[in-house]
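S.K.: sequence plus predicted model, see below.
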Amino acid sequence: MEDQSNYTLLREELEGIVLQVRSKDVPLEKCLDLFDEALRIGGKCVEAIDRADFSFAEFEDVSDEAAANENDSTNEDGRAIEPPTEEAKE
């Protein structure tokens, strides 16, 4: 259970980094430092998951929560995020 709480804390740190990077006030150099930090934390998340002994139900709960977060279509201001246009994809 300790690995799960550790994973949750690490994931919250990653979410904080994402919010910082999305801010338009953060200089590029700081964003690169945050990216490096995110990679370090992501590695720790992988280690925590590898050590964890999840039951299938617990794994589904974590997967459902992650999917819900990925489908969140609002930014930190609560405004809807518009999907990229076809022109932007090219």
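M.R.: On my side now, so go ahead. The shown structure was predicted, so the numbers you read here are calculated from the model rather than taken from an experiment.

S.K.: quick one, phi psi at Asp25?
M.R.: phi -90, psi 0 (degrees, to the nearest 10).

S.K.: quick one: residues contacting it.
M.R.: By CB atoms under 8 Å, 6 or more residues apart in numbering, the contact list for Asp25 is empty. For the C-beta atoms, the positions are set from N, CA and C on the backbone; glycine is no exception.

S.K.: again with Val18
M.R.: Ala38.

S.K.: phi, psi of it?
M.R.: phi -60, psi -40.

S.K.: what about it, distance to Ala52?
M.R.: 23 Å (CB to CB, to the nearest Å).

S.K.: next one: Leu14
M.R.: On the measure of CB to CB, Leu14 and Ala52 end up 17 Å apart.

S.K.: with Asp33 instead?
M.R.: In terms of CB to CB, Asp33 sits 29 Å off from Ala52.

S.K.: please say which of those two ends up with more neighbours.
M.R.: Ala52 (16 against 13; other CB atoms under 10 Å).

S.K.: quick check, pLDDT for that one.
M.R.: Per-residue pLDDT puts Ala52 at 73.

S.K.: that one and Val46, how far apart?
M.R.: From Ala52 to Val46 the distance is 11 Å (CB to CB).
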